[in-house]
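> make a model of this:
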Amino acid sequence: MTETPSYREIGVSREGYVATVEMRRPPHNFFDSALVAEIGDAFERLDDDQNCRAIVFAAEGRSFCAGADFSKRLETGTVSEGTRSAAGRHLYKEAIRLFRTKKPIVAAVHGAAVGGGLGLALVADFRVTCQEARFSANFNRLGFHPGFGLTATLPRLVGVQQAALLFYTGRRIPGDEAVRIGLADLLAPQAEVREAAQKLALEIAQSAPLAVMSTRETLRRGLYDQIEAATERELVEQDWLRRTEDFAEGVKAMAERRLPDFHGR
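Residues are numbered from 1 along each chain as shown. I've put the predicted structure just below:
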């Protein structure tokens, strides 16, 4: 196995034709623009590596990714200031880079994938998960609009009706339910999630690489443009919602681990 040492918060290695990109911000892998940019850089390098035919996207720690780093709200564009913050635009510019990747990606979701963390998981073509994992598009429970392109990617996977249910309720669903509704693809024991993801990636890598990339491009045709348009809309809605009392209450309730008391203002 070879490892690329040039990243600060991710690890990149390759064994045979399968590369692994691992987020290394345990325990919860909260993201900001810097982390997303490193992932984008790694994906682009692997696109140029002819010895890479498939990518496993994984994470250290307890969670796959529990969402945006609220301790760095200026970087994630969730501060209560101005309209359409440059910070939020920068984050989403980095985020949509991930959808340009040419190589197929298998996400190993061994723990929570929440909010923008769910958005990261949906960058992948496939998700291998476990019963203990939790998937949640919890934005509305924060008084916020969904982001990270989820308004395009989630309905594409599970259908508009199921996506609406997940958005409006913010409910957390376990791995078996995620597989049942099409949000994830394979269920494995928690300790074996990454191994199962690597097996799937290897199975993909054993197909003709040019044919796989060509087929993938056809299946995903127009997806990048849809996500770019979705993030534009998401930013506009997030800009005004972040100035509401409900958003302040949602963030406060999350920090205090209680149900929010929203008043629609």
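> where along the stretch 51-200 of the chain do the helices fall?
Assigned by DSSP state H, counting those that start in this stretch, the helices in the stretch 51-200 of the chain fall at 73-76, 86-97, 116-121, 150-158, 160-169, 175-181, 193-205.
> mean confidence for the first one?
Mean pLDDT, taken over the full extent of helix 73-76, equals 41.
> the last one now?
Mean pLDDT, computed over helix 193-205, is 98.
> on contacts alone, who are the packing partners of it?
On a contact count with 3 or more CB pairs under 8 Å, 6 or more residues apart in numbering; DSSP states H and E, helix 193-205 meets strand 18-23, strand 54-59, strand 105-109, strand 126-129. Using the backbone N, CA and C atoms, a C-beta is placed for each residue, glycine as well.
> would you turn those strands into CSV with distance to Pro209?
Listed next are those as CSV, based on distance: least, CB to CB, whole Å:
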stretch, distance to Pro209
strand 18-23, 12
strand 54-59, 9
strand 105-109, 14
strand 126-129, 17
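> save those as TSV, and put in mean neighbour count and distance to Thr218 too.
Output for these, formatted as TSV (neighbours: other CB atoms under 10 Å; distance: least, CB to CB, whole Å):
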stretch	mean neighbour count	distance to Thr218
strand 18-23	24	23
strand 54-59	27	17
strand 105-109	28	17
strand 126-129	27	17
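> now distance to Tyr7 and mean pLDDT too, for these, in CSV please.
Compiled in CSV, the helices and strands packed on helix 193-205 are given as follows (distance: least, CB to CB, whole Å; pLDDT from 0 to 100):
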stretch, distance to Tyr7, mean pLDDT
strand 18-23, 9, 98
strand 54-59, 14, 98
strand 105-109, 17, 98
strand 126-129, 23, 98
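> give me the buried positions along stretch 23-32.
For stretch 23-32, the neighbour count (16 or more other CB atoms under 10 Å) marks 23, 25, 28-32 as buried.
> same deal with stretch 7-21?
Buried, per 16+ other CB under 10 Å, within stretch 7-21: 7, 9-12, 14, 17-21.
> skipping adjacent residues, who's closest to Thr153 in space?
What sits nearest to Thr153 in space, not counting adjacent residues and going by CB to CB, 6 or more residues apart in numbering, is Leu122, at 4.3 Å.
> low-confidence regions, the stretch 51-200 of the chain specifically.
70-87 (pLDDT under 70).
> buried set for stretch 155-171?
For stretch 155-171, using 16+ other CB under 10 Å, the buried residues are 155-158, 163, 166-167, 170.
> could you report the neighbour count for the residue lying closest to Ala54 once chain neighbours are set aside?
Spatial nearest neighbour of Ala54, excluding adjacent residues (CB to CB, 6+ apart): Ala201 at 4.0 Å. By other CB atoms under 10 Å, the residues close to Ala201 number 28.
> same check on Val251?
19.
> what of the one 5 residues further on?
By other CB under 10 Å, 9 other residues sit near Glu256.
> from Glu249, how far off is it?
10 Å (CB to CB, to the nearest Å).
> repeat for Ile55
For Ile55 relative to Glu249 (CB to CB), the value is 39 Å.
> same thing with Tyr17?
Taken as CB to CB, the span from Tyr17 to Glu249 is 49 Å.
> for the buried residues of stretch 155-171, work out which two are farthest apart.
Greatest spacing in these, by CB to CB: Arg156 and Gly170 (19.7 Å).
> Arg62 touches Pro27, doesn't it?
Yes: using CB atoms under 8 Å, Arg62 is in contact with Pro27, at 4.2 Å.
> so who does the residue nearest to Thr153 touch?
Listed by CB atoms under 8 Å, 6 or more residues apart in numbering, the contact set of Leu122 reads 149-150, 153-154, 157.
> give me phi/psi at it?
Dihedral pair for Leu122: phi -80, psi 0, per degrees, to the nearest 10.
> again, but for Gly16
phi 60, psi -130.
> any idea how far it is from Asp49?
For Gly16 relative to Asp49 (CB to CB), the value is 12 Å.
> over to Asp225?
Using CB to CB, Asp225 is found at 26 Å from Asp49.
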